[in-house]
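Chemist: 3D, please:
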Amino acid sequence: MYSTLTKKQKQEMRALQALAWERELEQELANLEEQFRNWRSGTIGAFDLSDRIHQFHDHEARDLYKYYSYRNNIFAVPGAIAKGIIAESEVSRQLLEAISSDIQYLREAQNNQTQIKG
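Modeler: Alright, predicted model coming up:
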């Protein structure tokens with residue numbers, strides 16, 4: 001699929017991939033921020049906060065880096081759209097048409113996982 005995209009579509013994919021990465025990182029940082037609030041309020045101690053910072057660095061941040069830093073990750077943008085991180089309205093009509101089957105596939109996979117867990 002990626003090889004059939006135009007140069008302009010590939011540029012848009014890279015920009016959307018960076019946007020999705022930033023949005024997911026912001027979500028994870030907001031979760032970490034909550035741990036800082038818990039520490040300030042005395043709900044958790046300094047060692048617990050330190051452990052959560054370490055976990056954020058070694059897991060959430062690293063996983064996002066590995067997923068989004070690969071330049072030709074053809075599922076990053078369709079996956080972000082399927083998860084609602086990027087709205088379809090933020091994607092050009094031409095690119096949306098080109099990746100629509102991938103988006104649909106990933107939405108179905110996501111729904112199947114939800115049904116298995118539920």
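Chemist: so which elements touch whatever helix or strand Glu97 lives in?
Modeler: Element membership of Glu97, judged by DSSP states H and E, is helix 93-117. Contacts defined by 3 or more Cβ pairs under 8 Å, 6 or more residues apart in numbering; DSSP states H and E place helix 93-117 against helix 7-40, helix 76-82. Backbone N, C-alpha and C define where each C-beta goes, glycine included.
Chemist: and of these, who's closest to Ala98?
Modeler: helix 7-40 (6.2 Å; Cβ to Cβ).
Chemist: mind checking how far the closest one is from the chain centre?
Modeler: 7 Å (Cα atoms, centre = their mean, to the nearest Å).
Chemist: the inter-axis angle of that helix versus helix 93-117?
Modeler: Interaxial angle, helix 7-40 versus helix 93-117 (axes from the mean of the first three to the mean of the last three Cα atoms, to 10 degrees): 40 degrees.
Chemist: neighbours around Ala61, how many?
Modeler: Using other Cβ atoms under 10 Å, Ala61 has 15 neighbouring residues.
Chemist: export the helices and strands packed on helix 93-117 to JSON lines and append columns for mean neighbour count and mean pLDDT.
Modeler: Shown next, in JSON lines, are these (neighbours: other Cβ atoms under 10 Å; pLDDT from 0 to 100):
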{"stretch": "helix 7-40", "mean neighbour count": "15", "mean pLDDT": "97"}
{"stretch": "helix 76-82", "mean neighbour count": "23", "mean pLDDT": "96"}
